[in-house]
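Student: coords below, sequence missing:
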């Protein structure tokens with residue numbers, strides 16, 4: 001399943017739509033029974049008026065008004081959505097009635113006459129707009145229905161003035177155990193998040209690189225500690241085991257999909273994961289220990305946004321001419337990914353050297369190991385490899401991914417490498433999983 005959070009996210013939103021449908025027309029209040037701290041209590045909500053639409057064409061006016069409002073807020077206070085509000089959204093109809101979808105700047109809604117009345121309401125349209133604002137960056141899927149999407153939808157509801165509906169959705173998430181808040185200093189991902197926020201606010205390239213390196217070193221050190229701890233316990237005791245998780249990266253037919261896969265593979269290699277790639281190049285499946293998978297997803301989300309933004313700025317500058325923009329973008333992505341992989345691997349090697357992974361040390365400049373690897377890490381590597389081989393046999397995975405074709409545009413490749421030197425890892429709020 002490419003979207004493991006879809007069912008729970010939909011369930012929370014279905015809860016909110018049921019509450020909205022139960023609002024008293026006389027008082028504008030809905031009474032909701034909630035469970036908090038193991039006790040049931042009744043809470044009153046006074047939600048904003050949710051618009052209903054007669055047909056998808058009426059939705060266009062609403063969507064344009066929302067985007068205009070977000071653009072004005074971006075001019076006054078800065079964009080909350082990586083400038084995605086600047087990109088137009090088209091609303092179209094389709095003949096089905098069961099789904100409302102978003103893809104590549106287009107919201108598809110069913111017609112009322114065909115049973116699509118359920119989708120012609122403001123809350124559903126806001127859901128699709130949240131996809132536009134949170135995903136679909138040059139075709140890259142960042143977070144389909146996970147924590148990042150839910151945070152974006154809550155932010156969008158508040159930005160358009162639907163603060164009470166946002167409170168209702170937040171309560172629905174709480175009722176279903178979604179996005180529970182952890183203490184800031186609790187857990188390795190929270191600590192990585194601190195490094196990422198420091199990187200976001202760094203004033204120099206050297207500072208950004210230092211925080212990027214620190215984030216990867218922290219993840220590597222944590223992984224080493226867990227491997228040593230697992231080796232120190234009896235096999236009968238409860239301990240993490242390898243698992244897998246499908247991650248969708250792009251839409252079918254998107255030319256940049258192979259570049260997103262290459263970036264994901266680069267991050268995965270620096271964090272002890274194995275991967276299989278979907279035949280249509282829309283995603284990968286990650287194999288390894290759960291904490292390593294969480295780190296890789298965290299790093300990828302930040303890096304893909306930065307890579308696309310850097311490429312957009314490069315293409316807009318016109319510095320790629322006379323090379324075609326599509327060719328220049330592919331070369332830029334290739335150089336960007338290659339340089340980022342070098343930075344991540346160097347940080348990994350430095351952390352391993354500091355932790356004494358190799359008995360006689362390691363060259364952190366070249367990554368060349370000297371001496372013998374710690375038995376605990378050898379055991380981890382073997383466990384992940386065996387699990388990966390077993391899962392490939394179980395699912396009949398065969399063949400080798402061919403990857404992308406080389407692009408003969410050395411100038412754009414070099415510009416991509418230079419931009420990767422400046423890469424920072426996004427906002428901490430987008431990275432928690």
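Tutor: Noted; the coordinates are in hand. None of the values given here were measured: they were computed from a predicted structure. Numbering: from 1, shown residues only.
Student: Could I get the full set of helices for this protein?
Tutor: 6-21, 56-77, 122-134, 147-159, 163-175, 188-200, 205-232, 257-269, 290-317, 325-354, 375-395, 410-421 (DSSP state H).
Student: Counting by contacts, list what the fourth one packs against.
Tutor: Packed against helix 147-159 by the contact rule (3 or more CB pairs under 8 Å, 6 or more residues apart in numbering; DSSP states H and E) you find helix 6-21, helix 56-77, helix 122-134, helix 163-175. Where you see a C-beta, it was placed from the backbone N, CA and C, and this is true even at glycine.
Student: coming back round to it: among the helices of the chain, which comes closest to residue 93?
Tutor: helix 56-77 (4.6 Å; CB to CB).
Student: residues contacting residue 114?
Tutor: Contact partners of residue 114, counting by CB atoms under 8 Å, 6 or more residues apart in numbering, are 95-97.
Student: on that earlier part again, Serialize the helices of the chain to a markdown table and add fields for distance to residue 282 and mean pLDDT.
Tutor: Putting the helices of the chain into a markdown table (distance: least, CB to CB, whole Å; pLDDT from 0 to 100) gives the following:
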| stretch | distance to residue 282 | mean pLDDT |
| --- | --- | --- |
| helix 6-21 | 16 | 94 |
| helix 56-77 | 26 | 90 |
| helix 122-134 | 16 | 94 |
| helix 147-159 | 17 | 90 |
| helix 163-175 | 27 | 92 |
| helix 188-200 | 26 | 60 |
| helix 205-232 | 26 | 66 |
| helix 257-269 | 6 | 93 |
| helix 290-317 | 14 | 85 |
| helix 325-354 | 17 | 85 |
| helix 375-395 | 17 | 82 |
| helix 410-421 | 23 | 79 |
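Student: What about the contacts of residue 114, which one has the most neighbours?
Tutor: Using other CB atoms under 10 Å as the neighbour criterion, residue 97 leads these with 17 neighbours.
Student: Identify the residue spatially nearest to that residue, adjacent ones excluded.
Tutor: residue 115 (3.8 Å; CB to CB, 6 or more residues apart in numbering).
Student: Around the one you found, count how many other residues there are.
Tutor: 12.
Student: Just to check, it is in contact with residue 99?
Tutor: No - contact criterion CB atoms under 8 Å: residue 115 and residue 99 do not qualify, at 11.4 Å.
Student: The closest residue in space to residue 34 that isn't next to it in sequence: what's it in contact with?
Tutor: Excluding the flanking residues, the one nearest residue 34 by CB to CB, 6+ apart is residue 43, at 5.5 Å. By CB under 8 Å, 6+ apart, the contact set of residue 43 is 31-34, 171.
Student: From residue 99, how far off is residue 43?
Tutor: As judged by CB to CB, to the nearest Å, residue 43 and residue 99 stand 32 Å apart.
Student: How about residue 24?
Tutor: 31 Å.
Student: cool, and residue 146?
Tutor: Distance from residue 146 to residue 99, by CB to CB: 19 Å.
Student: Same drill for the two, tell me which one is more crowded.
Tutor: Just comparing residue 146 and residue 99: by other CB under 10 Å the higher neighbour count belongs to residue 146, 22 against 11.
Student: what's around the closest residue in space to residue 144 that isn't next to it in sequence, how many residues?
Tutor: Distance criterion CB to CB, 6+ apart; nearest residue to residue 144, sequence neighbours excluded, is residue 3 at 4.5 Å. Neighbours of residue 3 under the rule other CB under 10 Å: 16.
Student: Ok, residue 381 next?
Tutor: Number of residues near residue 381 (other CB under 10 Å) recorded here: 13.
Student: same deal with residue 325?
Tutor: The burial count for residue 325: 16, using other CB under 10 Å.
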